[in-house]
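Visitor: Next come a sequence and a model predicted from it.
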Amino acid sequence: MKPGSEAELAEAIGSATDPLVIIGGGTKPIGTPVEGESLSVSGIAGIRRYEPQALTLVAGAGTPVAEINHELARHKQMLAFEPMDCRDLLGTDGEPTIGGIVAANMSGPRRVQTGACRDYLLGVRFIDGSGRVIRNGGRVMKNVTGYDLVRLLAGSHGTLGVLTEIALKVLPRPEAAGVLLLTGLTDQDAVRCLEAALTSPFEVTGAAHTPRGLDGDPVTMIRVEGFEDSVRYRCFRLRDLLREFGDIDLETGAERIAAGWKWVRDVECFGDEKGDVWRISTKPGDAPSLVENLRRQTEVAVLYDWGGGLVWIKTEAGTDLREGCGDIDGHATLIRASVADRLRLGVFHPQPDRLRRISLGLKAKFDPRGILNPGLMN
Amino acid sequence: MEMPSADARILERRDRIISRLRMAAPGATLIHDPAETKAYECDALTAYSCAPLAVVLPASTEEVSALLSVCRSESVPVIPRGAGTSLAGGALPTADAVVLGVSRMNSILEIDTGNRFIRVQAGRTNLSVSDAVERDGFFYAPDPSSQLACAIAGNIAMNSGGAHCLKYGVTTNNLLGVRMVMMDGEIVDIGGAYADAGGLDLLGVICGSEGQLGIVTEATLRILPKPEGARPVLFGFESNAVAGACVGDIIRAGVLPVAIEFMDRPCIRACEDFVGAGYPDVEALLIVEVEGADAEIDMQLGLIKQIASRHHPVTVRESQSADESARIWAGRKSAFGAMGRIADYVCLDGTIPVAELPRVLNGIAGLSREFGLRVANVFHAGDGNLHPLIMFDANSKDELLRCEKMGAEILKLCVEAGGCLTGEHGVGVEKRELMPFQYSEADMEAQMWVKDVFDPHWLMNPAKVFPLEMSRTRRAA
């Protein structure tokens, strides 16, 4: 089914009797596999309101992210949270939609400075599991009227409601960018180096490390964005600050910088390789020892983003990485694996019993018949 | 404003409830003498008050748990209280309720500058969190005007903002995790010292739930490295509308100031008389602050002054020293106090899309004439969060009623302009009955589902946020 309006979508859900698989652009088959009739939101598309002077944009949930990016670029603005494009990593086609991004709360490298996708949501409209239209938030920057269902819906993967409209806060697009590059650092040193950069006043907007860059050597990347003079100044100061970590190259070419951070954002290093892909969110300083511990047990490939707070890990298919991690301060999500392995290992990190019961309780309230992506987040 | 009448069955069991509370947490401070509970009869919304059945001030999460278990088994409503600075009546008790205050729980539990977080007990005051990391070169970003007194617990309950959230966001954007006690006494940990808690974003819905889902006893907060410097520039304009248009142009130009504050003539005069900030004699004034190294500040302020010049400001004053910056801010920060010297006032908190500033300000001026009450405007212009102060005489019943009516009309105007009833103060009891202007029944029902799940018997701060009629059957169950 592909309804063309919110009313049609509400009708389709209200009259459905069997489970529905909610699809935006179909580029992110993330979650425990669900069986059911597919319901596409891509027919509810288009930018409905864009006020550059207020930094706000309202769009139908099915609007392609590319269309939004294009429109924002015309006004020298951007989506602050640098959403990931999963097509390479997951081997999918289709067109990423803003609704899909929000439903998965997908944030890229800039999250380390500016915040997550959920931090830029001003309001949503969605259809609950009974086919009712529900609105929460609005299109203003500050709003504490009633409970914040906006954030509850973000990252709920279509299990509580189907998003139909999204109001976003956007940001000015930086005039320039500069990237400091260090090579040959151990994971430990790299994360210490990123920490030094992130705890400086220079507003680092990207802090990543790969133990195996394009040339095969470890590369540590630190990005600064802003007005051109400011970027020059901040790169200079950071270079001085990070001197103890070795020689530092400075990249200022806009295209090379964009390509480099897309590589990080989209986890391109694991794109055409076989194996399962896990995404671990943890305390940044804990990341190297966590990886070291895993390396002792099994073969892993690693990409650190968010200064170490986000660790992408590729393992041999079917490996239970959570067991290997032990007790971590954070959580591990199985992003890419076969249907059988996703069912066996569980996609989302197990929650303490009370939180699990709260989540199930919310699901039962918002979708009493259990027809919206049932079981996807179990 | 109506509150539910006290449940006689609870009042009858008063002595038993008090003795059970004492036994459950012998270390907690227990107040039940009516002469002393009076101190907890209201928060900063002083127009409404009611002494509670008892007040408990526990010293640990475990004590909170034990006390809530008693309240749950006795079906006694619980009113969570931080520092009692709510302007919306969020901590207003009823006579059959137990106030549970977290003010004694104010320790720092962990500071980790490398991983950029601090973990504190939730009774700690907002400013003292920043103070604790200041010498390490960090700060905690949300800075409500009451930051000297207000508690992190209340900041989380109301999702508080402040003057600097244009750049740094509000509480929900700076909160990483909480330890919370559920109404039945169970202790849960949500999120932690890492980005994005797993599973559904429960942290996101707890923040801003006005103390209706549980009692937050500990919080993990993001801390940020302090910028190298900051400097304000002050612009005077000949009309509110021109100042409003200038705000939009600054934001559109790609500079993101850390704050853009607006004051109109009545407010400027009051502040000038109060602290002598050196403000010009103009219709409207903007304070725009940017951050960075000196050269970066010069560049950004240069751009901002260039944009402002297109709106023909009557005054342009860029701070030349730390002392001057402090003076420019002193006026703004004392605005509420300065207005208090002139008259009693009610402080509103609607938010509107920035583009609507000129129109809404005109509308407020019209309502001021219609109701015969003066209004002063002081607000966070960059994010459209208005704080119209309606002046009235608290000794006149008629003026209080007119003031309440006019406040409701201003908030309706904000909603009609595409905005909302409250940007950072919360709904509490003050705006509870206005909720239907912004939300449909289905919208509010969905919010109440969340409370149903966290607190099925509606014992936690029950008569707040939702119109009384809408929550009646749930509260009675």
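Guide: Looks like it came in fine. Numbering: from 1, shown residues only, chains lettered A, B, ... in the order given.

Visitor: in the sheet, who's paired with the residue of the stretch 201-350 of chain A found nearest chain B?
Guide: Of the stretch 201-350 of chain A, the residue with the smallest distance to chain B, taken as CB to the nearest CB, is residue A:331 at 3.5 Å. Placement of C-beta: from N, CA and C, glycine included. Per DSSP bridges, the residues bridged to residue A:331 are residue A:281.

Visitor: roughly how far apart are it and residue B:197?
Guide: Taking CB to CB, to the nearest Å as the measure, residue A:331 falls 8 Å from residue B:197.

Visitor: quick one: which of these two has more around it?
Guide: residue B:197 (25 against 22; other CB atoms under 10 Å in any protein chain shown).

Visitor: ok so the more buried one is a helix residue?
Guide: No - applying DSSP: H, G, I helix; E, B strand; the rest coil, one finds residue B:197 to be coil, outside a helix.

Visitor: Neighbours of the closest residue to residue B:391 other than its chain neighbours, how many?
Guide: Among residues not flanking residue B:391 along the chain, residue B:343 sits closest, at 3.8 Å (CB to CB, 6 or more residues apart in numbering or on different chains). By the criterion of other CB under 10 Å, residue B:343 has 17 neighbours.

Visitor: and residue B:343, what does it touch?
Guide: Residue B:343 sits next to B:374, B:391, B:392, B:393 when contact means CB atoms under 8 Å, 6 or more residues apart in numbering or on different chains.

Visitor: thinking again about what came up before, what distance do you get for the residue of the stretch 201-350 of chain A closest to chain B to residue A:279?
Guide: 9 Å.

Visitor: Residue A:230 and residue B:232, how far apart?
Guide: For residue A:230, the distance to residue B:232 - CB to CB - is 19 Å.

Visitor: next one: residue A:325
Guide: For residue A:325, the distance to residue B:232 - CB to CB - is 48 Å.

Visitor: and if you look at residue A:95?
Guide: 45 Å.

Visitor: and these two? which has more neighbours close in?
Guide: More crowded of residue A:95 and residue B:232, by other CB under 10 Å: residue B:232, with 25 against 19.

Visitor: What sits closest to the more buried one if chain neighbours are left out?
Guide: residue B:289 (4.2 Å).

Visitor: Would you list the phi and psi of that neighbour?
Guide: phi -120, psi 140 (degrees, to the nearest 10).

Visitor: The stretch 351-477 of chain B: strands as residue ranges?
Guide: Ranges of strands within the stretch 351-477 of chain B are B:375-380, B:388-392, based on DSSP state E, counting those that start in this stretch.

Visitor: among those, which is nearest residue A:237?
Guide: strand B:375-380 (30.7 Å; CB to CB).

Visitor: Now do that closest one, average pLDDT.
Guide: Averaging pLDDT along strand B:375-380 yields 92.

Visitor: and it, what other elements does it pack with?
Guide: Applying 3 or more CB pairs under 8 Å, 6 or more residues apart in numbering or on different chains; DSSP states H and E, one finds that strand B:375-380 contacts strand B:259-264, helix B:265-275, helix B:335-342, helix B:357-371, strand B:388-392.

Visitor: at 6 Å what do you get?
Guide: strand B:259-264, helix B:265-275, strand B:388-392 (3 or more CB pairs under 6 Å, 6 or more residues apart in numbering or on different chains; DSSP states H and E).

Visitor: Now tabulate the ones you listed in a markdown table and tack on distance to residue B:466 and mean neighbour count.
Guide: Formatted as a markdown table, these follow (distance: least, CB to CB, whole Å; neighbours: other CB atoms under 10 Å in any protein chain shown):
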| stretch | distance to residue B:466 | mean neighbour count |
| --- | --- | --- |
| strand B:259-264 | 32 | 25 |
| helix B:265-275 | 33 | 20 |
| strand B:388-392 | 25 | 24 |
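
Visitor: Switch the ones you listed over to CSV; also include distance to residue A:9.
Guide: Shown next, in CSV, are the helices and strands packed on strand B:375-380 (distance: least, CB to CB, whole Å):
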stretch, distance to residue A:9
strand B:259-264, 39
helix B:265-275, 47
strand B:388-392, 39
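
Visitor: TSV for these, including mean pLDDT?
Guide: Formatted as TSV, the helices and strands packed on strand B:375-380 follow (pLDDT from 0 to 100):
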stretch	mean pLDDT
strand B:259-264	94
helix B:265-275	91
strand B:388-392	94
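
Visitor: Distance-wise, check the closest residue to chain A within the stretch 151-300 of chain B relative to residue B:175.
Guide: Nearest to chain A in the stretch 151-300 of chain B, going by CB to the nearest CB, is residue B:204, at a distance of 2.7 Å. For residue B:204, the distance to residue B:175 equals 9 Å [CB to CB].
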